[in-house]
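Q: Any chance you could fold what I've pasted below:
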Amino acid sequence: MRKIESLKILLTVIVILVLTLTFALIGCKPEAVVVTETVTETVTETVTETVEVEVPAEVEEVAEEGPVTFDEPVTITVLGWHPTQEAVDRQVAAFNELYPNITVEFEIQLPEEYFVNIKASYTSGAAPDIGQFQPGAQISPFTQFLEPLAPIAEEKWGPDWQTKFFDSSNAQVEWSGKEYYMLPQGWTPTGIYANVRLLDEYGLGIPETLEDLLEIRDTLGPEGLATFLCGFKTDWNAMDLFFFMLDEFAPGEFYTAEQGESSFESQGFLDAVNMWEYFFAEEVIQTGAYSLNTYMESVTQYMLGQGALVPLGSWHLPLVYLAQIEGSQMGGFAPIIFPDLNNDGIHPRPTVTMGSGFGITKDLDEYKREAAWVFLEFILTGEGAQIYADDLWQFTTSTEVTVSDSVFESAGDLAGDFAADTQWYFDNPDAQGAREPQYAEIRQGILELLSSVATGIKTPEQALADLQAISDATSR
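A: Model (predicted):
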């Protein structure tokens with residue numbers, strides 16, 4: 001019997017431990033159920049104890065669901081214009097090592113095709129699961145089709161999730177609302193590239209003033225070479241160059257006028273548009289600029305040495321040093337500060353934008369939406385973002401990802417030049433503001449102003465009056 005009494009004591013201890021552990025895990029008021037424990041005395045007797053143990057009725061629901069493991073195959077489609085098909089293929093391959101059951105069909109199109117096709121895909125109901133967008137005017141027509149990502153980001157990354165991205169990028173995403181209809185990928189300062197080798201060949205220096213630009217024109221023009229070689233059939237290329245003129249003659253005014261707080265018909269705006277007209281009239285910009293797209297028509301001509309200057313930005317670095325155009329010169333291109341056009345001793349500043357980001361199409365089924373989120377997380381903040389930075393020599397918007405030092409070695413003999421040119425963007429961070437207008441109507445109005453003045457259809461005064469009328473009718 002002593003053994004039986006010992007077993008009873010042992011059973012009591014076990015039951016107390018079970019109760020303690022159960023209440024610690026559940027933490028709520030329980031209901032009574034009966035649990036039967038049987039202990040067998042190994043020699044001659046069996047003792048059965050019946051004990052009432054209070055356990056919640058919903059005990060079977062205590063276990064929380066873990067992260068989705070993607071045991072079932074799923075396919076997500078992605079459409080974009082940046083970076084390159086080769087680069088995204090590398091991202092997808094690395095992603096599939098982690099998630100072999102998620103098939104990613106990521107198609108890269110030329111910008112001119114993409115911005116037409118993405119609109120058609122959403123309006124026709126055949127949208128990709130993930131689309132690529134720019135902040136402000138470009139994404140605005142699509143927010144009605146996109147999933148708000150801020151709630152998902154907070155759930156996945158916590159309440160301070162915005163610290164994963166630079167503040168300037170977050171601010172531009174929030175133009176379309178704090179719901180975050182996309183998350184940012186890369187930041188791109190605009191700039192001017194100079195063909196230093198070509199300038200040296202003709203005894204010319206880096207232009208510092210308008211007079212220097214005219215000297216380049218007078219020297220290179222008779223040789224059939226351009227001062228500025230531009231592809232304005234691609235609209236952003238025209239806007240990038242014009243914004244330098246705006247910062248020269250009307251610093252900061254675009255951003256107040258865009259919000260309806262000042263007028264587009266100010267003297268500063270008129271001076272900037274007059275300079276735009278002057279660049280065409282005096283052939284500082286080559287004849288036929290509006291008949292060429294930027295990539296790859298005007299850029300190819302530029303890389304072949306057909307012009308001294310081109311309005312491009314940080315995204316152009318890989319083309320200079322890696323993806324060489326057949327027959328183009330190696331090296332000798334460098335970003336430069338825009339010339340001082342009014343001799344006030346102050347150089348116009350570049351614009352900077354969150355160059356692109358990605359949004360998830362709403363109303364996907366939960367499993368596919370989770371797969372889409374995991375892919376975005378990978379390419380924007382994870383290993384895919386590092387591939388973006390290192391393979392493309394691009395600046396990510398992630399505060400946790402930078403271009404690896406080893407990347408500079410890829411430039412071989414040009415490594416020093418590349419390192420210097422990359423550092424140039426960090427040494428000249430002062431920007432006038434965002435590269436993209438916030439409102440689609442005003443963006444289109446700016447583009448119409450530039451083309452109509454360049455071709456002589458409108459005077460600067462007429463074009464600015466029309467732009468102001470568009471601004472007055474814009475809903476903000």
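Q: C-alpha from now on. contacts and neighbour counts both.
A: Noted.
Q: Show me the strands in the stretch 1-150 of the chain, by range?
A: For the stretch 1-150 of the chain, the strands defined by DSSP state E, counting those that start in this stretch cover 31-40, 46-55, 74-80, 102-108, 130-133.
Q: The stretch 1-150 of the chain: helices as residue ranges?
A: Using DSSP state H, counting those that start in this stretch, the helices of the stretch 1-150 of the chain run over 2-26, 85-98, 111-123, 150-157.
Q: Could you tell me the least trusted of the ones you listed?
A: Least confidently modelled of those is helix 2-26, at a mean of 39 by mean pLDDT.
Q: Just the buried positions in stretch 254-274, please.
A: Across stretch 254-274, burial judged by 16 or more other C-alpha atoms under 10 Å covers 254-255, 257-260, 263-265, 268-274.
Q: tell me the domain boundaries of the protein?
A: 2-61, 75-185+359-385+396-403, 192-349+413-473 (automatic domain parsing).
Q: re earlier: ranking the strands of the stretch 1-150 of the chain by mean pLDDT, which is last?
A: When I compare the strands of the stretch 1-150 of the chain, strand 31-40 is least confident, with a mean of 36.
Q: and Ala94, what does it touch?
A: Going by C-alpha atoms under 8 Å, 6 or more residues apart in numbering, Ala94 touches 383-384.
Q: those helices in the stretch 201-350 of the chain, which residues are they?
A: Under DSSP H, counting those that start in this stretch, the stretch 201-350 of the chain gives helices at 210-220, 235-249, 253-258, 267-281, 299-303, 317-321.
Q: Can you give me the neighbour number for Pro73?
A: 11 (other C-alpha atoms under 10 Å).
Q: What does the pLDDT read for the closest residue to it other than its chain neighbours?
A: Spatial nearest neighbour of Pro73, chain neighbours left out: Asn101 (4.6 Å); criterion: C-alpha to C-alpha, 6 or more residues apart in numbering. Per-residue pLDDT puts Asn101 at 97.
Q: Compute the distance between Asn101 and Asp71, please.
A: 7 Å (C-alpha to C-alpha, to the nearest Å).
Q: Tell me which of the two has more neighbours.
A: Asn101 (16 against 10).
Q: List the residues that contact the more buried one.
A: 70-74.
Q: In a markdown table, list those along with distance to Ser140.
A: Listed next are the contacts of Asn101 as a markdown table, based on distance: C-alpha to C-alpha, whole Å:
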| residue | distance to Ser140 |
| --- | --- |
| Phe70 | 33 |
| Asp71 | 36 |
| Glu72 | 35 |
| Pro73 | 33 |
| Val74 | 29 |
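Q: In a strand, Gly357, correct?
A: Yes: Gly357 forms part of a strand when assessed by DSSP: H, G, I helix; E, B strand; the rest coil.
Q: burial of it, as a residue count?
A: Counted with other C-alpha under 10 Å, Gly357 comes out at 25.
Q: Hmm, it is touching Trp187, no?
A: No: distance between Gly357 and Trp187: 9.7 Å, which falls outside the contact criterion (C-alpha atoms under 8 Å).
Q: Find residues that contact each of these two.
A: With contacts taken as C-alpha under 8 Å, 6+ apart, not a single residue reaches both Gly357 and Trp187.
Q: my guess is Ser176 contacts Gln134, does it?
A: No: using C-alpha under 8 Å as the test, Ser176 is too far from Gln134 to be in contact (10.6 Å).
Q: Flag the shaky bits of the protein, pLDDT-wise.
A: Applying pLDDT under 70 to the chain flags the ranges 1-67, 323.
Q: residues contacting Ile446?
A: 239, 467.
Q: Nearest to Leu220, out of the buried residues of stretch 254-274: which one, please.
A: Checking the buried residues of stretch 254-274 against Leu220 with C-alpha to C-alpha, the nearest one is Asn274 at 23.9 Å.
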